[in-house]
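Novice: no sequence on this one, just coordinates:
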Ligand SMILES: [Zn+2]
């Protein structure tokens with residue numbers, strides 16, 4: 001019998017947002033899922049931000065191949081244009097479409113405006129819901145309104161995850177016994193601003209959060225990044241972890257809903273990219289190719305459908321999910337695997353997102369406009385076992401041994417080291433990336449600029465100043 005497929009995408013969840021991948025807090029739902037399924041301990045995203053990464057999950061291609069990246073976005077008055085023309089121009093396989101072609105009913109819900117009908121990501125879905133957080137002040141975008149909204153964040157109910165869960169439960173109850181279904185949900189609970197619901201809030205944690213002035217830092221998340229104090233870092237990390245505990249609870253709700261239904265199912269929980277929480281002097285995402293952004297959680301589990309259980313410890317790209325899932329519903333049982341080195345690409349969002357506060361500050365302190373090495377510009381990361389090779393378009397490069405140096409602190413190449421023979425395979429991958437970049441033209445952005453609720457949502461998320 002063909003299994004149903006549920007894919008829960010925990011937007012912006014770095015691997016250690018959850019216990020099975022090194023998180024310090026319990027993640028009951030993820031832990032249960034990992035016990036019954038296959039845990040990928042070294043899942044790597046194809047890009048460090050939402051748009052190209054999820055396009056890679058759906059298409060099975062690298063960003064330079066599917067071309068749904070920041071390079072097709074124009075900005076007018078700070079507002080980005082919709083990437084929908086690039087999504088529509090894609091001619092290859094597209095996971096929701098491929099499953100619909102196989103007779104699946106397809107349902108999607110997204111709490112991220114980058115993945116919405118506006119951005120063209122409803123492609124292939126019979127039904128698609130765009131959700132946003134509650135309590136967004138709907139009138140006015142002035143400074144005072146914004147400030148008031150920011151101040152109301154403490155203990156906000158959620159960012160749309162609860163509404164997505166209720167929609168999913170209702171949709172399942174609608175009865176879809178005649179055909180298998182594919183359901184996709186994008187949860188945004190660990191995205192900035194970090195404001196977990198009150199019952200998961202660390203202010204009620206006995207760990208003594210009052211000492212680190214959580215409410216103040218919760219309200220002042222952005223402006224304090226330039227020179228973060230130790231208290232700020234502790235507060236931000238504790239808020240992010242609390243958001244992760246809430247998201248774990250939501251994941252549990254989705255899995256439970258599937259178990260109550262009839263028929264076999266395959267559940268995939270994955271993230272599109274991680275988050276910098278002060279590491280490398282960076283916050284947020286879409287600035288670099290560090291492991292804090294590329295190493296993501298991934299678990300696949302069967303319910304009344306044998307998928308096997310255990311752990312896969314070798315690096316695997318999450319862009320392999322589409323082909324693997326299509327194989328699973330076609331009755332194959334080949335494991336998801338990487339063939340050769342795992343590649344991640346960053347097209348640089350510098351053209352369409354403002355330079356992050358913390359980078360702007362370091363540039364001003366340094367020699368003017370020069371960016372710190374290996375950040376906020378186009379680059380590629382190649383992972384081969386524990387070795388990771390990173391190159392940016394300006395020719396700077398780094399080689400890390402992630403086993404000995406998981407924080408990517410030391411560059412084994414040094415400033416003027418020559419490349420040894422063992423580097424040849426990695427260099428060949430970088431050369432191929434350079435050729436793809438040179439050979440492909442960006443798809444021009446459309447005239448559909450973010451406005452209204454979409455623009456307001458992107459502002460809350462930090463994509464519009
Ligand atoms: Zn994302």
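Specialist: All right, it came through fine. Given the structure is predicted, the values throughout are model-derived calculations rather than measurements.
Novice: CA atoms for contacts and neighbours, from now on please.
Specialist: OK.
Novice: helix or strand right after the longest helix along the chain?
Specialist: Scanning the chain for the longest helix, with DSSP state H as the assignment, gives helix 230-260. Downstream of helix 230-260, the first helix or strand assigned by DSSP states H and E is strand 265-270.
Novice: And that following strand, what does it pack against?
Specialist: Of the remaining helices and strands, those touching strand 265-270 by 3 or more C-alpha pairs under 8 Å, 6 or more residues apart in numbering; DSSP states H and E are strand 4-10, strand 295-303.
Novice: Relative to the ion, which of the ones you listed is closest?
Specialist: strand 4-10 (8.1 Å; C-alpha to the ion).
Novice: after that closest one, next one along is what?
Specialist: As assigned by DSSP H and E, the chain's next helix or strand after strand 4-10 is helix 28-36.
Novice: Downstream of that next one, the next helix or strand is which one?
Specialist: The C-terminal neighbour of helix 28-36 among helices and strands, as given by DSSP H and E, is strand 38-44.
Novice: And the contacts of that next one?
Specialist: 21, 294-301, 307-318, 342, 344 (C-alpha atoms under 8 Å, 6 or more residues apart in numbering).
Novice: Below-threshold pLDDT in the stretch 51-200 of the chain: ranges please.
Specialist: Filtered on pLDDT under 70, the stretch 51-200 of the chain yields the residue ranges 133-157, 176-177.
Novice: Now it against the ion: closest residue?
Specialist: Counting by C-alpha to the ion, the stretch 51-200 of the chain gets nearest the ion through residue 51, at 7.1 Å.
Novice: returning to what we had before: and the longest helix of the chain, how far out from the chain middle?
Specialist: Helix 230-260 sits 14 Å away from the centroid of its parent chain (C-alpha atoms, centre = their mean, to the nearest Å).
Novice: now the helices and strands packed on strand 265-270 in TSV, with distance to the ion, mean neighbour count and mean pLDDT?
Specialist: Output for the helices and strands packed on strand 265-270, formatted as TSV (distance: least, C-alpha to the ion, whole Å; neighbours: other C-alpha atoms under 10 Å; pLDDT from 0 to 100):
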stretch	distance to the ion	mean neighbour count	mean pLDDT
strand 4-10	8	23	98
strand 295-303	11	25	97
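Novice: for those strands, which one sits closest to residue 253?
Specialist: Nearest to residue 253 among the helices and strands packed on strand 265-270 is strand 4-10 (11.0 Å), distances taken as C-alpha to C-alpha.
Novice: Okay, angle between that closest one and strand 265-270 too, please.
Specialist: Angle of strand 4-10 versus strand 265-270, following axes from the mean of the first three to the mean of the last three C-alpha atoms, to 10 degrees, is 20 degrees.
Novice: between strand 4-10 and helix 230-260, how big is the angle?
Specialist: Going by the same axes, to 10 degrees, strand 4-10 makes 170 degrees with helix 230-260.
Novice: For the ion, what is the nearest residue in the stretch 201-350 of the chain?
Specialist: Here the stretch 201-350 of the chain gets closest to the ion at one residue, residue 272, 5.4 Å apart by C-alpha to the ion.
Novice: Show the contacting residues for that residue.
Specialist: Residue 272 is in contact with 9-13, 45, 47-50, 53-54, 296, counting by C-alpha under 8 Å, 6+ apart.
Novice: The chain against the ion: which residues are in contact?
Specialist: Residues of the chain lying close to the ion (C-alpha under 5 Å from the ion) are 11-12, 50.
Novice: any chance of those in TSV, plus pLDDT, neighbour count and distance to residue 385?
Specialist: Shown next, in TSV, are the residues of the chain next to the ion (pLDDT from 0 to 100; neighbours: other C-alpha atoms under 10 Å; distance: C-alpha to C-alpha, whole Å):
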residue	pLDDT	neighbour count	distance to residue 385
11	98	27	26
12	98	27	24
50	96	22	25
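Novice: quick one: contacts for the closest residue in space to residue 400 that isn't next to it in sequence?
Specialist: Leaving aside its chain neighbours, residue 400 sits nearest to residue 388 (5.1 Å; criterion: C-alpha to C-alpha, 6 or more residues apart in numbering). Shown in contact with residue 388 (C-alpha under 8 Å, 6+ apart): 381-382, 399-402.
Novice: possible to save the residues you listed as JSON lines with secondary structure?
Specialist: Listed next are the contacts of residue 388 as JSON lines, based on DSSP: H, G, I helix; E, B strand; the rest coil:
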{"residue": "381", "secondary structure": "strand"}
{"residue": "382", "secondary structure": "strand"}
{"residue": "399", "secondary structure": "strand"}
{"residue": "400", "secondary structure": "strand"}
{"residue": "401", "secondary structure": "strand"}
{"residue": "402", "secondary structure": "coil"}
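Novice: which stretches of the stretch 101-250 of the chain form strands?
Specialist: Along the stretch 101-250 of the chain, the segments classed as strands by DSSP state E, counting those that start in this stretch run 105-110, 127-130, 181-187.
Novice: What residues are bridge-paired with the residue nearest to residue 255 when sequence neighbours are not counted?
Specialist: Excluding the flanking residues, the one nearest residue 255 by C-alpha to C-alpha, 6+ apart is residue 267, at 7.4 Å. Residue 267 has these beta-bridge partners by DSSP bridges: residue 6, residue 301.
Novice: Surely the residue of the stretch 51-200 of the chain closest to the ion forms part of a helix?
Specialist: Yes - using three-state DSSP, the assignment for residue 51 is a helix.
Novice: Nearest to the ion: which residue in this structure?
Specialist: Per C-alpha to the ion, residue 50 is where the chain lies closest to the ion, at 3.4 Å.
Novice: Tell me the secondary structure at the residue of the stretch 201-350 of the chain closest to the ion.
Specialist: Put simply, residue 272 is coil when judged by three-state DSSP.
Novice: got a list of what the closest residue in space to residue 115 that isn't next to it in sequence touches?
Specialist: Distances taken as C-alpha to C-alpha, 6+ apart put residue 121 closest to residue 115, at 5.4 Å, once the chain neighbours are dropped. The neighbours of residue 121, taking C-alpha under 8 Å, 6+ apart as the test, are 84, 87, 115.
Novice: How many neighbouring residues does the nearest residue to residue 25 once chain neighbours are set aside have?
Specialist: Excluding its sequence neighbours, the residue lying closest to residue 25 (C-alpha to C-alpha, 6+ apart) is residue 19, at 6.0 Å. Residues lying near residue 19 (other C-alpha atoms under 10 Å) number 20.
Novice: give me every residue that touches residue 4.
Specialist: Listed by C-alpha under 8 Å, 6+ apart, the contact set of residue 4 reads 180-182, 263-266.
Novice: Would you work out how far apart the start and end of stretch 275-284 are?
Specialist: Taking C-alpha to C-alpha, to the nearest Å, stretch 275-284 runs 5 Å from one end to the other.
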